[in-house]
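Asker: Quick one, what's the 3D model for this:
(chains A, B, C and D)
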Protein chains: 2
Amino acid sequence: MSKPKDKCEIWVVDQDRVEATRRTLPPDEIFTLLAENFSALADSNRAKILHCLLEQELCVCDIASIVGISESAASQHLRILRTLRMVTQRKQGRMMYYSLNDEHVKTLFKISLEHARQA
Amino acid sequence: MSKPKDKCEIWVVDQDRVEATRRTLPPDEIFTLLAENFSALADSNRAKILHCLLEQELCVCDIASIVGISESAASQHLRILRTLRMVTQRKQGRMMYYSLNDEHVKTLFKISLEHARQA
DNA sequence: TTATTATTTTAGCAGTTGCGCATATATTAA
DNA sequence: TTAATATATGCGCAACTGCTAAAATAATAA
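Answerer: Predicted coordinates:
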C-alpha cells in the first residue's frame, strides 16, 4: 500500500495503475453529457414515449393516451426530451407533433431495448 | 377527434393509430428493466467507474481514488451496479475486486460513450 | 486475544424528480 | 368579441438519489 499524493487521504493499492487509469478517463463534460442522456431514458414513461416515436410522429394527447399518463405529464416529459435534443416538434394548428430528432437516438434506443429484452 | 374507450377521459386525435401504437409497445417489465439499466448509467460517477473497469479489475479503494469519491460512496455505487448485474466481485484477502460482468455491458457502454463524444 | 484495515451498511440530510393540479398561452370556432 | 381546445408552465408534494458520517463486518497482523 502506498501513501496518497497531495492532501487526499485515500490509500491506494496500486499507485501506478491508479494514475494510469485516471489518465484514460475522458474529461468530466463527457460523463456529464453521458449521464444526462441516460437519465432521459432512465424513466419508463419517457422510454415508452420514445418507443412510440420510433416509426411516426405523434401529438401530445395521443402520446399521453398511448402511454397512459396525463397530457401535462406527457408535455413535461417531452420538454425534457426536447431539451436534450432527442425529439423535435412541429406545430400544426393548435396541436404539437413530436418526432425523434435523429437516427442517433433511434439507434441507441433500439440497441438498448435489445439488451433489456435479453436480460 | 374521437371519444376515448373505457373510462379514460383523454381525447385522442387518431384512435386507430393510438391503439395500433399501443399494441406495438413491449410489456411494462421491459420498460422497467430498460429504465433501471439506464439509471445505472445516469450518474456520472457510476459512468466513470464503469469506464475504469473497461480493461481491468480494480479494488474499491482504487476505484474511489481514481474517480475522486469516498470509499463509502464507491461501495454504494458498486452495490447498485452489482444489483443490476453490470459488475461482478472477487474477494482476495480483505479486498474486493470488481470487474465488468460481461461484454454486453462493455459494448453498450462503449457505444453510448461514442454517442456522448459526438454530441 | 486485540488492533488494524478494506469494505459494507445504516441513518440522516439536501437536492432532484415525476406527477397532479391550477393557471397561462395560443389557436380555432362561433 | 367570447368560448372551446391543445399544449405549456408554475407550484407543491411525495418519493427517490447520492452523499457524509458513523457503526458494523470481515480478514489480517501483532
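
Asker: okay, and the helix or strand of chain A with the least pLDDT?
Answerer: Lowest on mean pLDDT, DSSP states H and E among the helices and strands of chain A sits helix A:103-118, with a mean of 82.

Asker: which regions of chain A sit below the pLDDT cut-off?
Answerer: Residue ranges of chain A with pLDDT under 70: A:1-13, A:119.

Asker: all strands for it, in order.
Answerer: In chain A, the strands defined using DSSP state E lie at A:58-59, A:87-92, A:95-100.

Asker: I'd like the ones you listed as a markdown table, with distance to DNA strand D and mean neighbour count appended.
Answerer: Placement of C-beta: from N, CA and C, glycine included. Formatted as a markdown table, those follow (distance: least, C-beta to the nearest atom of the strand, whole Å; neighbours: other C-beta atoms under 10 Å in any protein chain shown):
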| stretch | distance to DNA strand D | mean neighbour count |
| --- | --- | --- |
| strand A:58-59 | 3 | 23 |
| strand A:87-92 | 6 | 14 |
| strand A:95-100 | 4 | 18 |
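
Asker: The ones you listed into a markdown table, with extra columns for distance to residue B:38?
Answerer: A markdown table is the format used below for the strands of chain A (distance: least, C-beta to C-beta, whole Å):
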| stretch | distance to residue B:38 |
| --- | --- |
| strand A:58-59 | 22 |
| strand A:87-92 | 17 |
| strand A:95-100 | 17 |
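
Asker: where along chain A do the helices fall?
Answerer: A:15-24, A:28-41, A:44-52, A:60-67, A:71-83, A:103-118 (DSSP state H).

Asker: Now mean neighbour count and distance to DNA strand C too, for those, in TSV please.
Answerer: Below are the helices of chain A laid out as TSV (neighbours: other C-beta atoms under 10 Å in any protein chain shown; distance: least, C-beta to the nearest atom of the strand, whole Å):
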stretch	mean neighbour count	distance to DNA strand C
helix A:15-24	14	12
helix A:28-41	19	6
helix A:44-52	23	4
helix A:60-67	24	8
helix A:71-83	16	4
helix A:103-118	15	16
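
Asker: Export these as JSON lines, with columns for distance to DNA strand D.
Answerer: Listed next are the helices of chain A as JSON lines, based on distance: least, C-beta to the nearest atom of the strand, whole Å:
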{"stretch": "helix A:15-24", "distance to DNA strand D": "16"}
{"stretch": "helix A:28-41", "distance to DNA strand D": "8"}
{"stretch": "helix A:44-52", "distance to DNA strand D": "11"}
{"stretch": "helix A:60-67", "distance to DNA strand D": "3"}
{"stretch": "helix A:71-83", "distance to DNA strand D": "3"}
{"stretch": "helix A:103-118", "distance to DNA strand D": "17"}
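
Asker: looking at the strands of chain A, which is closest to chain B?
Answerer: Closest to chain B of the strands of chain A is strand A:58-59 (C-beta to the nearest C-beta; 5.5 Å).

Asker: any residue of the closest one up close to chain B?
Answerer: Yes. Residues of strand A:58-59 contacting chain B under C-beta under 8 Å from any C-beta of the partner chain: A:58-59.

Asker: so what secondary structure elements neighbour that strand?
Answerer: strand A:95-100 (3 or more C-beta pairs under 8 Å, 6 or more residues apart in numbering or on different chains; DSSP states H and E).

Asker: Between strand A:87-92 and the strand it packs on, find me the angle.
Answerer: Calculated by axes from the mean of the first three to the mean of the last three C-alpha atoms, to 10 degrees, strand A:95-100 forms an angle of 150 degrees with strand A:87-92.

Asker: any residue of strand A:95-100 up close to DNA strand C?
Answerer: No. Applying C-beta under 7 Å from any atom of the strand, one finds strand A:95-100 out of contact with DNA strand C, separated by at least 8.6 Å.
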